[in-house]
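A.B. asks: I would like to see how this sequence folds:
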Amino acid sequence: DSARYAVGIDLGTTHCVLSYAELVDSEPDAFSQQVMPIPQLTAPGTVEEHLQLPSFIYQAHPEELAEGETALPWTHKPEHLCGEIARHLGSKTPIRLVGSAKSWLCHAGIDCKAPILPTEAPEEVARISPFQASVAYLQHLKEAWHNKHPDAPLEKQDLVITVPASFDPAARDLTIEAARSIGLGHAILLEELSTAGLMGKGA
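C.D. replies: Below you'll find the predicted structure:
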């Protein structure tokens, strides 16, 4: 089947955005791009839609949240708490907050698949790798897309993932691997700088 949508995922250091446009046989000026509202937890037991998914993950204490308080429209218990709820809870307990994970992907001298985040967390706080964080953001965006477009799997759409221009080849390779791990290996990777150039904007 041919793709129905052109989809763009912006994997930013502070937040992620998903935009799309329907591919139709019409005049070029009929091309209409939209930013998709992303369902996410904003507080325990509260799901709201926001145009951005904050690039944060919160490593909650096993007894911190009650049964059902982390449910999303597509899963009762997500593997990771990411987005607005992570930023909210992390502001109160910073030692459990994973932030700027993508910056770590191009950090020389570390194993990006080693569980090193949050860096300041005590031993009792579970840690994840920068690679796992990237997978978590992409997984959330993929599930959010499928929740809104069940008849158009993301795996079958034209997909571009933009990454920070600061990414080195190793960081780009890890991003491609993260996408492949959740079935999005067909995605084209584009640096933000290149995207800005295509849009006629400055870096």
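
A.B. asks: residue contacts, Pro130?
C.D. replies: Ala101, Lys102, Trp104, Leu105, His107, Cys112, Lys113, Ile116, Leu117, Leu174 (Cβ atoms under 8 Å, 6 or more residues apart in numbering). Just so you know, the C-beta spots here come from the backbone N, C-alpha and C atoms, and that holds for glycine as well.

A.B. asks: oh sorry, the question was meant for Gly45
C.D. replies: By Cβ under 8 Å, 6+ apart, Gly45 lies in contact with Ala66, Gly68, Glu69, Ala71.

A.B. asks: By neighbours, which of these wins?
C.D. replies: Glu69 (16 neighbours; other Cβ atoms under 10 Å).

A.B. asks: if I look at the residue nearest to it when sequence neighbours are not counted, how far off is Glu143?
C.D. replies: Spatial nearest neighbour of Glu69, excluding adjacent residues (Cβ to Cβ, 6 or more residues apart in numbering): Pro44 at 3.9 Å. Going from Pro44 to Glu143 by Cβ to Cβ, to the nearest Å gives 19 Å.

A.B. asks: likewise Ala6?
C.D. replies: Taken as Cβ to Cβ, the span from Ala6 to Glu143 is 20 Å.

A.B. asks: For Thr13, state which of the contacts of Pro130 is nearest.
C.D. replies: Taking Cβ to Cβ as the measure, Thr13 lies nearest Lys102 of these, at 5.3 Å.

A.B. asks: Next up, phi/psi of Thr75, please.
C.D. replies: Per-residue torsions, Thr75: phi -160, psi 140 (degrees, to the nearest 10).

A.B. asks: who's more crowded, Ala6 and Glu143?
C.D. replies: Between Ala6 and Glu143, Glu143 has the larger neighbour count (other Cβ under 10 Å), namely 19 against 16.
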